[in-house]
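Engineer: Pasted the sequence and its predicted model underneath.
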Amino acid sequence: MRKFFLAAILTFFSLPALAAGGGDVVLKHKDWSFNGIFGTFDKASMQRGFQAYREVCAGCHSLNYIAFRNLADLGYNEAEIKAIAAEYEVMDGPNDEGEMFMRAAIPADYFPAPYPNENAARAGNNGAYPPDLSLITKARAHGPDYLYSLLTSYKDAPAGKDVPDGMYYNAAYSGNMIAMPQPLYGDDVEYADGAETSVSAVSADIVNFLMWTAEPSLESRKRIGVATLFFLIVFTGLSYGAMRFIWADVKKKAA
Amino acid sequence: MSATKFSNPVVSWIDHRLPIFSAAEHFASDYPTPKNLNYFWNFGSLAGFTLVVMIVTGITLAMSYTPHVDYAFGSVERIMRDVNHGWLIRYIHMNGASFFFIVVYIHMLRGLYYGSYKAPRELLWIIGVTIFLLMMATAFMGYVLPWGQMSFWGATVITNLFSALPYVGDAITTLLWGGFAVDNPTLNRFFALHYLMPFVIVGVVMLHIVALHRFGSNNPLGIDARGPQDTIPFHPYYTIKDLFGLSVFLCIFAAAVFFFPNFMGHPDNYIPANPLQTPAHIVPEWYFLPFYAILRAVPDKLGGVIAMFGAIAVLFVLPWLDRSPVRSAKFRPIFKIFFWVFVADCLLLGYLGAKPAEGIWVTLSRVGSIWYFAHFLIILPLLSVIETPRPLPQSLSQSVLGGSGAMAGAAAAPKEKA
C-alpha cells in the first residue's frame, strides 16, 4: 500500500509536465551534452552557435539578459571579449551637455537589441514579434528539442493546406503556421573550425548556445548537485545507523 | 519548576526567572510519545523544516528582488545570473513551495487515514486546515512575484473569482488589485503580503504544536497511550527518527533542485508578463489543480467559487462529519477502501485541473467533484453508523507484542522497518 502511495504521488508530480507538452506536433529528440546529472556544455558548439546567432538570428531577435562579459563561459578570454564587444555600438549618456551619444560597447554592456521597441519589431516583421532568445529554451515545453525541431522542420506545405501570405509551414510549430521565415538553408555560416554547416548541425549549435543563455549556471548546478547528493546519501546512511542504535533497546523490549 | 532542576548555575538562574529551558525540556525531551509511530508521522516535522527553509531563502531573495512590473522579471533573472549562487536560492525557494505542499498533503492524508482529527484533537486539526489555507494564499501570491505570463494570468483568473461574490465582490476585487486590473499596485501588495504571511503561518504553527502537546500524537492504532509502557520520550527517539526522515527528504529535494529545477514549474513563466496576450491554457501550480478542477466543474461562476472554497471548508467540519469512535483506518475495513477511493479521486481531480475545460474533461470533473463532497458529506457520516469496526487492541504495547495488531499490520505496515 505504501508503494501504491508513492506511485500515486509520483504520477501526480508528472502531470503538469505532461499537460505542458502540447499534443499536435512531434518533436525530434536529441541526446544533448547538457542532459543528465553529469551534463556539461559543449563549448566549441556554443561558440559556433554564438556565431550563428550573430550572423543569422540577431537580425530580428534580441538577447536582453546576456552581457558581453558572460561570454567568458563560452571559453573566450578577456581580450577576445573586449574585441567582440567593440564590434557593437550602444547608447550612453547623457554627457555633460545633456546629449545621449553612441559609443563602442565594453564587456559590462548587454547585447544591444535589433529593434528599439516592440512596435518597431512588429513593424519590421509583418506584425509578428520576434521574441527575446535569452530564455527561449526554458520558456517552451521541452525547450532544446523544441527549438531544434522548429529550426529543422520547415517544409513545403502538404497539398490542400493553404499557407497565408507572410506565413510559413513548419511541422514542429503548434498549428504549423509560423510567421518566421526559414532562417537556415545550410550555407548560412562559415565556421572557422571547419565544422559542418548543414541545417541540422547549425541548429544544434544554436540550441547549445541558447541553452547556455537560458541557464548559464547549469554546469555548476549539476556539479554542486552531485557533490551535495553524495554528502546527503552518506548522511542518510549515518542517521539511519544512529537511529537503529538509539532505538535498539525499544525494539528489544518489543520483540 | 524548581531551580535545582538544572545543574548548570547560569541555566538554573535564567530558568528560575524565564523558564525557557523548562519549556524546551517539556516540549522535546520529556514529551511522552507513542512507541508505535510509523514514518508517516515524520511529515509534521518535515513541514516545519520546509517552512523555515522557505522563510530563509525568501528573505534572501527579497534582498535582490524588485516588486515593480517593469523590473520584477528582470530582477529575478539578475538573481539567477548575477547574484552569487542566486540560482540555488531561487530554485530552492521555487521547488520548496512544491515540496511544502507534497509534505503537507501527505501529512493531511495521514491525519485522514488514522483519524487524527477526532476527539480530543478537533482543534488541532482545524488549526492545521487554517495553516493549509494560509499556505495556499502565500503560495499563490508568491507565484505572482516573478511576473511571468502564468504569474500575471493566474493572478488575473484567481482575483477575478472574488468578483463573483454578490454585493461585495467588485469592491474586494478592486481592493486586491489596488486598481481596476492586475497591475503594479497588485504586484506591490502581493509582495508585501507574501512577505507577511509566512510569519502568520509561524504563529499558527505554534498554536498547532501547543494543541498537539495537549494530548500528544495520535498513532497508527488510533488508541490512547495507557501509561509509561506505551510511550517513549520524544528525545532522543523521535528526534533521531525525524533526522533520518529529514535526510531522506533532503536527498529527494536536492535531486529536484539540482537536476530537475523547472520540472514542476510552467515554461510560460519564463516569458515576461504580457497583459495583451493570453496564454493558450492558463493553469495554476500543480498543488492547486484539484481545487481548480472543482472550480471549473460548476457551470456557474459564483457556484464554482463556492464549491472551490467549500472543498476546503468541509475539512474544517470533518471532525463532526465522521462520528465513528474508532480513529484508525486499520480497524475500519470499509472506511479504508473509501479512503483510497478518495485519494484516487483527488489525484483524478488534479489531472483534470491541468486539462482544458471542454468535452469529456468537464464531465469527469463533475463526477470527481461530486465524489469529493459525497465522501465527506454522505459516505463518512453513513459509515460511522453502518460500519462494524474490528476489535481494538487493549493497549499500544500489547499490540506490539502480537495479537490483533499483527494482523492489521500486514496491510498497512505500521511498524518501523527495522
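Structural biologist: Structure's in. What do you need?

Engineer: CA-only coordinates of stretch B:130-148, as PDB, when you get a sec.
Structural biologist: Taking Å, rounded to 0.1, in the frame of the first residue of the first chain, the C-alpha atoms of stretch B:130-148 are listed here in PDB:
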ATOM      1  CA  THR B 130      -6.100  27.000   8.700                       C
ATOM      2  CA  ILE B 131      -2.300  26.600   8.100                       C
ATOM      3  CA  PHE B 132      -3.100  24.900   4.800                       C
ATOM      4  CA  LEU B 133      -5.400  27.800   3.800                       C
ATOM      5  CA  LEU B 134      -2.700  30.400   4.700                       C
ATOM      6  CA  MET B 135      -0.100  28.300   2.800                       C
ATOM      7  CA  MET B 136      -2.300  28.400  -0.300                       C
ATOM      8  CA  ALA B 137      -2.700  32.200  -0.100                       C
ATOM      9  CA  THR B 138       1.000  32.600   0.400                       C
ATOM     10  CA  ALA B 139       1.900  30.300  -2.500                       C
ATOM     11  CA  PHE B 140      -0.500  31.900  -4.800                       C
ATOM     12  CA  MET B 141       0.900  35.400  -4.100                       C
ATOM     13  CA  GLY B 142       4.500  34.200  -4.300                       C
ATOM     14  CA  TYR B 143       3.800  32.700  -7.800                       C
ATOM     15  CA  VAL B 144       2.800  36.100  -9.000                       C
ATOM     16  CA  LEU B 145       6.100  37.800  -8.000                       C
ATOM     17  CA  PRO B 146       8.300  36.700 -10.900                       C
ATOM     18  CA  TRP B 147       5.800  38.500 -13.200                       C
ATOM     19  CA  GLY B 148       5.900  35.900 -15.900                       C
END
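
Engineer: quick one: contacts for the residue of chain A found nearest chain B?
Structural biologist: Closest to chain B within chain A is A:Gly225: 2.6 Å, counting by Cβ to the nearest Cβ. Bear in mind the C-beta positions are built from the backbone N, C-alpha and C, glycine included. If you count contacts by Cβ atoms under 8 Å, 6 or more residues apart in numbering or on different chains, A:Gly225 has them with A:37, B:254-255, B:257-259.

Engineer: Near chain A, which residues of the stretch 51-200 of chain B are found?
Structural biologist: B:74, B:77, B:80-81, B:87-88, B:91, B:102, B:106 (Cβ under 8 Å from any Cβ of the partner chain).

Engineer: Which members of the residues you listed are positioned in helices?
Structural biologist: B:74, B:77, B:80-81, B:87-88, B:91, B:102, B:106 (DSSP state H).

Engineer: Can you get me a residue count around residue 101?
Structural biologist: If you meant another chain, say so; for now it's chain A. 10 (other Cβ atoms under 10 Å in any protein chain shown).

Engineer: looking at chain B here, not the other one
Structural biologist: Quick note: B:Phe101 (other Cβ under 10 Å) scores 21 neighbours.

Engineer: how many other residues sit next to the residue nearest to it when sequence neighbours are not counted?
Structural biologist: Excluding its sequence neighbours, the residue lying closest to B:Phe101 (Cβ to Cβ, 6 or more residues apart in numbering or on different chains) is B:Tyr287, at 3.8 Å. By other Cβ under 10 Å, the residues close to B:Tyr287 number 22.

Engineer: follow-up on the earlier one: is it true that the residue of chain A closest to chain B lies in a helix?
Structural biologist: Yes - according to DSSP: H, G, I helix; E, B strand; the rest coil, A:Gly225 belongs to a helix.

Engineer: Can you say which helix or strand has B:Ile232 in it?
Structural biologist: strand B:231-233 (DSSP states H and E).

Engineer: Flag every buried residue along stretch B:5-18.
Structural biologist: B:6, B:15-16 (16 or more other Cβ atoms under 10 Å in any protein chain shown).

Engineer: State the pLDDT value of the residue of chain A closest to chain B.
Structural biologist: If you check A:Gly225, the pLDDT there is 97.

Engineer: Please determine how far it is located from B:Leu123.
Structural biologist: For A:Gly225, the distance to B:Leu123 equals 42 Å [Cβ to Cβ, to the nearest Å].

Engineer: pLDDT below threshold where in the chain?
Structural biologist: Since no chain was named, I'll use chain A. Low-confidence segments of chain A (pLDDT under 70): A:1-24, A:254-255.

Engineer: Oops, wrong one, chain B.
Structural biologist: B:1-4, B:399-418.

Engineer: For chain A, what's its nearest residue on it.
Structural biologist: B:Phe258 (2.6 Å).

Engineer: Pull the number of nearby residues for that residue.
Structural biologist: Neighbours of B:Phe258 (other Cβ under 10 Å): 22.

Engineer: now B:Ala354
Structural biologist: B:Ala354 sits with 21 neighbouring residues when counted by other Cβ under 10 Å.

Engineer: Need the residue closest to the centroid of chain A.
Structural biologist: Chain A has A:Met211 as the residue nearest its centroid, 2.7 Å off, counting by Cα atoms, centre = their mean.

Engineer: how about that residue, phi and psi?
Structural biologist: phi -70, psi -40 (degrees, to the nearest 10).

Engineer: Distance check, it against A:Asp73.
Structural biologist: Taking Cβ to Cβ, one finds A:Met211 at 12 Å from A:Asp73.

Engineer: And B:Tyr270, by the same measure?
Structural biologist: Distance from B:Tyr270 to A:Asp73, counting by Cβ to Cβ: 19 Å.

Engineer: what does the stretch 251-400 of chain B put close to chain A?
Structural biologist: Contact residues (Cβ under 8 Å from any Cβ) of the stretch 251-400 of chain B with chain A: B:251, B:254-255, B:257-259, B:261-268, B:270-271, B:280-281, B:283, B:285-286, B:289, B:340, B:343-344, B:347, B:350-351, B:354-355, B:397, B:400.

Engineer: Ends of stretch A:149-156, what's the gap?
Structural biologist: 15 Å (Cα to Cα, to the nearest Å).

Engineer: how about the helices in the stretch 1-150 of chain B?
Structural biologist: All helices of the stretch 1-150 of chain B, identified by DSSP state H, counting those that start in this stretch, fall at B:9-17, B:20-24, B:43-62, B:72-81, B:86-113, B:122-144, B:149-161.

Engineer: Dump the ones you listed to JSON lines, plus distance to A:Gly124.
Structural biologist: Shown next, in JSON lines, are those (distance: least, Cβ to Cβ, whole Å):
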{"stretch": "helix B:9-17", "distance to A:Gly124": "73"}
{"stretch": "helix B:20-24", "distance to A:Gly124": "68"}
{"stretch": "helix B:43-62", "distance to A:Gly124": "37"}
{"stretch": "helix B:72-81", "distance to A:Gly124": "24"}
{"stretch": "helix B:86-113", "distance to A:Gly124": "34"}
{"stretch": "helix B:122-144", "distance to A:Gly124": "33"}
{"stretch": "helix B:149-161", "distance to A:Gly124": "24"}
